[in-house]
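Student: mind folding the following:
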Amino acid sequence: MVTIEDIAKRVGVSKSTVSKALNGATDVSEAMRESILGTAVEMGYSRTSHRRDVKTFCVFVENMAYEQPGDFGYDIILGFRKMAEPMGFAVVVEDLDERTQKETSYDQYMLQHNYVGALCLGFTLTDTWLYQMRSSRTPAVLLDNYVKANPTTAYIGVDNQEGMNLAVSHLKKLGHRRIGYLSGALGSYINQARYSAFFQALRQCGLPSDAKLGGNAYLFSDCLQTHFPRILKQGVTAIVCSHDLLAHTLMIHCLEIGLRIPEDISIIGFDDLPLAAHTIPPLTTVQQIRPEIGRSAFYAMTSLMGGIPISTLLLHARLITRKSTGPAPEKLPVEFLR
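Tutor: Below is the predicted model of the structure:
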């Protein structure tokens, strides 16, 4: 276990100087602070094992709405707080950007701000910190992101394979035999996981699983204008979407071009956002119970802090059946097959 004294010997300063640097004292120069923090990270110093009086978690958020009730991240953070704060932990929330990640390493930032662990929401595969977490030492729990072979990180979320199996099985029971898939860009772990899970679900149900049945794009407009018409021409009678916002946009588009839901085509989303119950028609979707995700994040965090190397903690998926799915039509109107 690395101590303040060990760091002081390595840098060649007193223990009090190291302590001041780690705690943000103003009478330590910025150059000295950077040197001490860098050395502490390099040696594997951890707040968790040395500072029992400091119990602050940080929730880092990017690419995700979280400030208002109904926002995807709001209930996750609330669930995490409801577990952490009664146990004596403080929780702060920070918006994270790429500039911060490039200026300061993850471990160093955590030491600098006296955080003992992080819950990370909305990270992408290109994030600098996500790359650094391959070898980081500060506990981190990541929503819908997986870091291999690091016992101080954990992946939490819903079981995407189970969710896709439920969606595809539901459509098969309704008579659908050709099912398409639309997704956001595959630049995130979760979009990749759901894309793969969908086609695996098709194979498990004995349905056609040609890759041409799927389409992905960063912009919704590309999904609607390019991939959706191409998929329709293959005779699909149902579409599963990677998330509810895309599904809702697709539903509006279908109504605009004269496709009836669910008489002509069935649509399923993923997440069960509050809007799903109020779309026209109400959206069938795979539910994520977001407060429970927040609570499970706390369980994973305290396990990591206690030296229990949790890798993955997945919640069971649940299909919420509403009016956007129905019996498969004999065929689509001919104008959509040209």
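Student: just read off the phi/psi values of the residue nearest the centre of the chain.
Tutor: Nearest to the geometric centre of the chain sits residue 144, at 3.3 Å (CA atoms, centre = their mean). Dihedral pair for residue 144: phi 60, psi 30, per degrees, to the nearest 10.
Student: how about it, what does it touch?
Tutor: Taking CB atoms under 8 Å, 6 or more residues apart in numbering, we find residue 144 in contact with 155-157, 188-190, 193. In this view, the C-beta of every residue, glycine as well, is placed from N, C-alpha and C.
Student: same thing but at 6 Å, please
Tutor: Counting by CB atoms under 6 Å, 6 or more residues apart in numbering, residue 144 touches 157, 190.
Student: any idea how far residue 270 is from the residue nearest to residue 288 when sequence neighbours are not counted?
Tutor: Excluding the flanking residues, the one nearest residue 288 by CB to CB, 6 or more residues apart in numbering is residue 158, at 4.7 Å. Computed as CB to CB, to the nearest Å, the residue 158 to residue 270 distance reads 9 Å.
Student: out of those two, which sits in the busier spot?
Tutor: Higher neighbour count among residue 158 and residue 270: residue 270, with 28 against 24, using other CB atoms under 10 Å.
Student: show me what contacts the more buried one?
Tutor: Neighbours of residue 270 in contact, by CB under 6 Å, 6+ apart: 242-243, 286.
Student: show me the residues you listed that map onto helices.
Tutor: Of the positions in the contacts of residue 270, not one sits in helices, assigned by DSSP state H.
Student: nearest to residue 104, of these?
Tutor: residue 243 (31.4 Å; CB to CB).
Student: which strand residues bridge the residue nearest to residue 288?
Tutor: residue 315 (DSSP bridges).
Student: would you agree residue 171 is in contact with residue 238?
Tutor: Yes - the criterion here is CB atoms under 6 Å, and residue 171 meets it with residue 238 at 4.8 Å.
Student: what residues are shared contacts of those two?
Tutor: Common contact partners of residue 171 and residue 238 (CB under 6 Å, 6+ apart): residue 179.
Student: which helix or which strand is home to the residue nearest to residue 178 when sequence neighbours are not counted?
Tutor: Leaving aside its sequence neighbours, residue 178 sits nearest to residue 236 (CB to CB, 6+ apart; 4.6 Å). Element membership of residue 236 [criterion: DSSP states H and E] is none; it lies in no helix or strand.
Student: contact partners of stretch 175-191?
Tutor: For stretch 175-191, the surrounding residues in contact (CB under 6 Å, 6+ apart) are 124-125, 144-145, 171, 192, 195, 198, 208, 213-216, 218, 223, 231, 235-242, 327-328.
Student: filter these to the buried ones?
Tutor: Among these, those classed as buried by 16 or more other CB atoms under 10 Å are 124, 144-145, 171, 192, 195, 198, 213-216, 223, 231, 236-242, 328.
Student: so for the helix or strand containing residue 313, what gets flagged as buried?
Tutor: Residue 313 belongs to strand 312-315 when assigned by DSSP H and E. Applying a neighbour-count criterion of 16+ other CB under 10 Å, one finds 313, 315 buried in strand 312-315.
Student: give me the contacts around it.
Tutor: Contacts with strand 312-315, where a contact means CB under 6 Å, 6+ apart, come from 155-156, 158-159, 292, 296, 300.
Student: walk me through which strands the helix or strand containing residue 268 pairs with, and which way each runs.
Tutor: Here residue 268 sits within strand 266-271, counting by DSSP H and E. Sheet pairing of strand 266-271 (DSSP bridges) gives strand 238-241 (parallel), strand 284-287 (parallel).
Student: so how far is the first one from its chain's centroid?
Tutor: I take that to be strand 238-241. Its chain's C-alpha centre and that of strand 238-241 lie 21 Å apart, by CA atoms, centre = their mean, to the nearest Å.
Student: what's that strand in contact with?
Tutor: In contact with strand 238-241 (CB under 6 Å, 6+ apart) are residues 167, 171, 176, 179-182, 198, 247, 266-269.
Student: out of the residues you listed, which end up buried?
Tutor: Neighbour-count burial (16+ other CB under 10 Å) applied to the contacts of strand 238-241 gives 167, 171, 176, 179-182, 198, 247, 266-269.
Student: separation between residue 103 and residue 297?
Tutor: According to CB to CB, residue 103 stands 26 Å off from residue 297.
Student: tell me which of these two has more neighbours.
Tutor: Set residue 103 next to residue 297 and count neighbours by other CB under 10 Å: residue 297 wins out with 29 against 11.
Student: can you confirm the more buried one is in a helix?
Tutor: Yes - with DSSP: H, G, I helix; E, B strand; the rest coil as the criterion, residue 297 is part of a helix.
Student: might one say that it is in contact with residue 119?
Tutor: Yes - between residue 297 and residue 119 there is a contact at 5.1 Å, judged by CB under 6 Å.
Student: give me the common contacts of the two.
Tutor: 80, 141.
Student: give me the below-cutoff pLDDT ranges for this protein.
Tutor: Applying pLDDT under 70 to the chain flags the ranges 1, 24, 41, 44, 46-54, 332-338.
Student: mind listing the helices for it?
Tutor: Remark: helices assigned in the chain by DSSP H are 4-11, 15-22, 30-43, 47-50, 72-84, 98-103, 106-112, 128-132, 160-173, 189-204, 220-222, 228-232, 244-257, 290-305.
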